[in-house]
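Peer 1: Pasting the sequence and the predicted coordinates here, then a few questions.
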Amino acid sequence: MIRLEQVSKHFGTMIAVDRIDMEVPAGAVCVMLGPSGCGKTTTMKMINRLIPPTSGRIYVDGKDTAAVDEVALRRSIGYVIQQIGLFPNMTIEENICVVPDLLGWPAAKSRKRAAELLDMVNLDPSVFLKRYPKQLSGGQQQRVGVVRALAADPPVLLMDEPFGAIDPINREVIQDEFMKLQAELKKTIVFVSHDIDEAVKMASRIAIFRDGKLIQYDTPDNILAHPIDAFVSEFVGSDRTLKRLRLIKVTDAMMAEPPRVRAEDTLDTAVKLMDEHGHVSIVMVGPRGRARGVVRLEEARERKGTVGEHQEPLPGVVNIRDDLRTAVSQMFTHGVTWLACVDDDGFYKGYVTQKSITQVLGATYRES
Amino acid sequence: MARAGLAGTLRWLVVFGAFALGAWLQARGTIPAILGHSQDVTYLIRQHLTLAAISGAIALVVGIPLGIVLTRPRFEIFADAVTQIVNLGTTIPTLALLAIAMSFLGIGSPPAIFALFVLTLLPIVLNTIAGLRSVPQHLIEAARGMGMTPGQILRRVELPNAVFVILAGVRTAFAINIGTVPLAFLIGGGGLGELIFTGIDLMEPSMLLAGAIPTALLAVLIDFLIGQIQFWLVPKGVNPLR
Ligand SMILES: Nc1ncnc2c1ncn2[C@@H]1O[C@H](COP(=O)(O)OP(=O)(O)OP(=O)(O)O)[C@@H](O)[C@H]1O
Ligand SMILES: [Mg+2]
């Protein structure tokens, strides 16, 4: 969708961007990361020709950008600048409709679209459409800045630290909202950030820059698992393994089809099952398979009776759609080495253990 | 609240003062004398306004585009030089300016209009430049990045965001202009100066006031009108008055 071939930018003798090769597939979110002044913004602005490249070629949707009209090119690419850049002389509605108006959409269509877009980011259109930017909070302005870029439904979005000006709590909220939108819209996005956590959360690809050079371009998990050199590993941080936990879902580290018992089963059955699997505890499920409690081996051995009489409450469960970070955090909270995993309806689906998590993390480490 | 209170008090003081002055003049029989000049006054007001309007209009038509051109990237390097020159134009005392204008345009309204134009031009050009420069660079970049042409950026982003400052310049410029028009009489340009200066020469206060009071009222009226334009024309989102 977007392809950079040997793209360079020199400012006088200073080389801001040095022979970058990069391809962003359609529907992917590419996050550009790197220390200040490493050329991220410059690279991004070359894509919509706000800055002319010194050499090299840039293709958007297969077309060489140097060959298309720059105004038409920019209208087909959504652009969010770091300073938000809402026009203070226009209402929120007029701001959102800037590109549709430039493209000559009928007013009725673009105004309707503005209302829909505001709704998408949880801003009540009846309240906000007629307001001016100065009447909005920073976070609200930033949301408007993002939907303004989406107004004419461009296939490509360029976003320069779009959530930079927001406090950490609201930033997480907006990031989540944005990822939900993106799951629906499937835009091709180039996103500048200086926040590795944000990158790990949003990116399908991370591009790490240093002094105008593209050092590593890979999936977030590979960047965290296999930093290409000391610079990258230092940049992603010594806690990179913890960061990877965010990228892996409980399902991927879960032992599925686990053994289980019911309340009416005897302790004998439970002990036998545990011995068979080499477990020290077993989950008790309800009649339809919901996780209800747990029986521990040391409790069950040498005793008589049913599971129902000797069960204990589960020390913590985790949803299969959660990430491993949540799972590990639960383990530490409850001081356990394993967790029962349930789906949205509470049905028992499997379990994760510290060992299974280590194995999943280790799988990519061993590959190399 | 305190400010509104103060402004209110001030307004009442002015009204009361005007009333007292009026009563005093009436008692001395000055007002009937002033009214005796009413025919001259209407004729001269028209002349006065014509001088102000023509010179002001030329200054607007030259000043605003000049300010715009001087903020375009291609001509930006000339901006400082041009403002220096225009600045020099206003440091020349008004009377000297009139004399200079007279020396090559002769006597009558053309040199008066020219001198008034030069005086009015500076605040307009300076404020147009200042207003346009105060538009944050990132707004222009956002506009460019969204696919506006330079003309669209000027019309939809730069001018609307600069118009308040530009109009403030126009307001100052016209206040200076209308207050200076009486001097035009000195080089045969006409206007209310005729009554004022003749009144001074003849030591006839009623004549002097028949010129001075309308001059003052005109200045206040024009200032009020431009203030209204400023209030209603400047977009709400960038209008500190609304
Ligand atoms: N117009 C310009 N003229 C000269 N040098 C420039 C210009 N624009 C950028 N540079 C230089 O190019 C380098 C890269 O700048 P760029 O803005 O791309 O950095 P960045 O990676 O976006 O940094 P940050 O994280 O601070 O935004 C910097 O050293 C900067 O000083
Ligand atoms: Mg930058």
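Peer 2: Yep, that arrived. Ligands and ions are numbered 1, 2, ... in the order given.
Peer 1: what's the spatially closest residue to A:G145 that is not a sequence neighbour in contact with, if anything?
Peer 2: Closest residue to A:G145 apart from its sequence neighbours, by CB to CB, 6 or more residues apart in numbering or on different chains: A:I84 at 4.3 Å. C-beta here means a position set from N, CA and C on the backbone, and glycine is covered the same way. Going by CB atoms under 8 Å, 6 or more residues apart in numbering or on different chains, A:I84 touches A:Q141, A:Q142, A:V144, A:G145, A:A165.
Peer 1: Between those residues, which sits nearest B:G169?
Peer 2: B:G169 lies nearest to A:Q141 out of these, by CB to CB, at 29.9 Å.
Peer 1: who's in contact with the helix or strand hosting the closest one?
Peer 2: Using DSSP states H and E, A:Q141 maps to helix A:138-150. Outside helix A:138-150, the residues that touch it by CB under 8 Å, 6+ apart are A:78-81, A:84-86, A:92, A:95-96, A:98-99, A:117-118, A:120-123, A:128, A:133, A:136, A:157, A:159, A:162-163, A:165-167, A:170, A:174, A:177-178, A:181, A:185, A:187.
Peer 1: any idea how far the residue nearest to A:G145 is from B:I68?
Peer 2: From A:I84 across to B:I68, the span is 26 Å (CB to CB, to the nearest Å).
Peer 1: again, but for A:L157
Peer 2: Per CB to CB, A:L157 is found 33 Å from B:I68.
Peer 1: Likewise for A:I58?
Peer 2: 33 Å.
Peer 1: need the residues of chain B near chain A, please.
Peer 2: B:136, B:138-139, B:141-149, B:152, B:156-157, B:160-161, B:235-238 (CB under 8 Å from any CB of the partner chain).
Peer 1: Show me these that map onto helices.
Peer 2: Of those, the ones assigned to helices by DSSP state H are B:H138, B:L139, B:E141, B:A142, B:A143, B:R144, B:G145, B:Q152, B:P160, B:N161.
Peer 1: Test my guess that the third one contacts A:G85.
Peer 2: So the one you mean is B:E141. Yes - with contacts defined as CB atoms under 8 Å, B:E141 counts as touching A:G85 at a distance of 7.1 Å.
Peer 1: ok, now how distant is A:T326 from B:A112?
Peer 2: From A:T326 over to B:A112 (counting by CB to CB), the distance is 82 Å.
Peer 1: Which residue ranges make up the domains of the chain?
Peer 2: The chain I'm using is chain A. Following automatic domain parsing, chain A resolves into domains at A:2-247, A:250-364.
Peer 1: Can you look at chain B instead?
Peer 2: Structural domains assigned to chain B are B:1-35, B:37-238, following automatic domain parsing.
Peer 1: re earlier: mind checking which of the contacts of helix A:138-150 are in strands?
Peer 2: Those of those mapping onto strands are A:G78, A:Y79, A:V80, A:L157, A:M159, per DSSP state E.
Peer 1: For the residue lying closest to the second one once chain neighbours are set aside, give me the pLDDT.
Peer 2: Ranked by CB to CB, 6+ apart and with sequence neighbours excluded, the top spatial neighbour of A:Y79 is B:G145, at 3.9 Å. According to the prediction, B:G145 has pLDDT 95.
Peer 1: Make sure B:G145 is actually in contact with A:I47.
Peer 2: No - if you go by CB under 8 Å, B:G145 and A:I47 don't touch, sitting 10.4 Å apart.
Peer 1: Please spell out the ChimeraX selection for the buried subset of the contacts of helix A:138-150.
Peer 2: Here is the ChimeraX command that selects the buried residues among the contacts of helix A:138-150 (16 or more other CB atoms under 10 Å in any protein chain shown):
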select /A:78,79,80,81,84,85,86,92,95,96,98,99,117,118,120,121,123,128,133,136,157,159,162,163,165,166,170,174,178,181,187
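Peer 1: shared neighbours of B:G145 and A:I47, anything?
Peer 2: Joint contacts of B:G145 and A:I47 (CB under 8 Å, 6+ apart) are A:L158.
Peer 1: related to what we said a few turns ago, of the domains of chain A, flag the one that's most buried.
Peer 2: Stretch with highest mean neighbour count among those: domain A:2-247 (a mean of 18; mean count of other CB atoms under 10 Å in any protein chain shown).
Peer 1: Kindly check the end-to-end length of stretch A:224-239 for me.
Peer 2: 9 Å (CA to CA, to the nearest Å).
Peer 1: tell me the pLDDT at residue 198?
Peer 2: Since you didn't name a chain, this refers to chain A. 89.
Peer 1: um, chain B though
Peer 2: At B:T198, the model reports a pLDDT of 89.
Peer 1: helix or strand for it, which one?
Peer 2: In this structure, B:T198 sits in helix B:193-201 according to DSSP H and E.
Peer 1: So which other helices or strands are in contact with the very next helix or strand once past that helix?
Peer 2: Following helix B:193-201 in sequence order, the next helix or strand is helix B:205-233 (DSSP H and E). Helices and strands touching helix B:205-233, by 3 or more CB pairs under 8 Å, 6 or more residues apart in numbering or on different chains; DSSP states H and E, are helix B:30-35, helix B:38-71, helix B:159-180, helix B:193-201.
Peer 1: Buried deepest among those, which one?
Peer 2: helix B:159-180 (a mean of 22).
Peer 1: how many neighbours does B:I140 have?
Peer 2: The tally of other residues near B:I140 (other CB atoms under 10 Å in any protein chain shown) stands at 19.
Peer 1: what's the answer for the one 3 residues further on, then?
Peer 2: Here the number of neighbours of B:A143 (other CB under 10 Å) works out to 24.
Peer 1: B:L154 is in contact with that one, correct?
Peer 2: No - applying CB under 8 Å as the test, B:A143 and B:L154 come out as separate, 9.6 Å apart.
Peer 1: quick one, what contacts the residue nearest to the spatial centre of chain B?
Peer 2: Among the residues of chain B, the one closest to the centroid is B:F174, at 0.6 Å (CA atoms, centre = their mean). Going by CB under 8 Å, 6+ apart, B:F174 touches B:A52, B:G56, B:T120, B:I222, B:D223, B:I226.
Peer 1: bridging residues for A:I2?
Peer 2: A:V24, A:V60 (DSSP bridges).
Peer 1: er, A:I77 actually
Peer 2: Following DSSP bridges, A:I77 is listed with bridge partners A:V156.
Peer 1: Just send the ones in strands among the contacts of helix A:138-150 back as CSV, with pLDDT and distance to ligand 1 too.
Peer 2: Output for those, formatted as CSV (pLDDT from 0 to 100; distance: CB to the nearest ligand atom, whole Å):
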residue, pLDDT, distance to ligand 1
A:G78, 94, 19
A:Y79, 95, 15
A:V80, 94, 14
A:L157, 95, 17
A:M159, 95, 13
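Peer 1: Show me which of these is closest to chain B.
Peer 2: Comparing these against chain B with CB to the nearest CB places A:Y79 closest, at 3.9 Å.
Peer 1: gap between the closest one and A:V99?
Peer 2: Distance, A:Y79 to A:V99, by CB to CB: 9 Å.
Peer 1: what sits in contact with each of these two?
Peer 2: By CB under 8 Å, 6+ apart, A:Y79 and A:V99 have these common neighbours: B:M146.
Peer 1: Below-threshold pLDDT in chain A: ranges please.
Peer 2: Residues of chain A meeting the criterion pLDDT under 70: A:364-368.
Peer 1: Enumerate the residues of it near ligand 1.
Peer 2: Chain A comes close to ligand 1 at residues A:F11, A:M14, A:A16, A:G34, A:S36, A:G37, A:C38, A:G39, A:K40, A:T41, A:T42, A:H194, as judged by CB under 6 Å from any ligand atom.
Peer 1: Wait, a strand at the third one?
Peer 2: Yes - according to DSSP: H, G, I helix; E, B strand; the rest coil, the state of A:A16 is that of a strand.
Peer 1: Let me see the contact set for it.
Peer 2: Counting by CB under 8 Å, 6+ apart, A:A16 touches A:K9, A:H10, A:G39, A:T42, A:G212.
Peer 1: Can you tell me which of those end up in helices?
Peer 2: With helices taken from DSSP H, the overlap with the contacts of A:A16 comprises A:T42.
Peer 1: with the contacts of A:A16 in mind, which one is nearest to chain B?
Peer 2: Checking these against chain B by CB to the nearest CB gives A:T42 as the nearest, at 13.0 Å.
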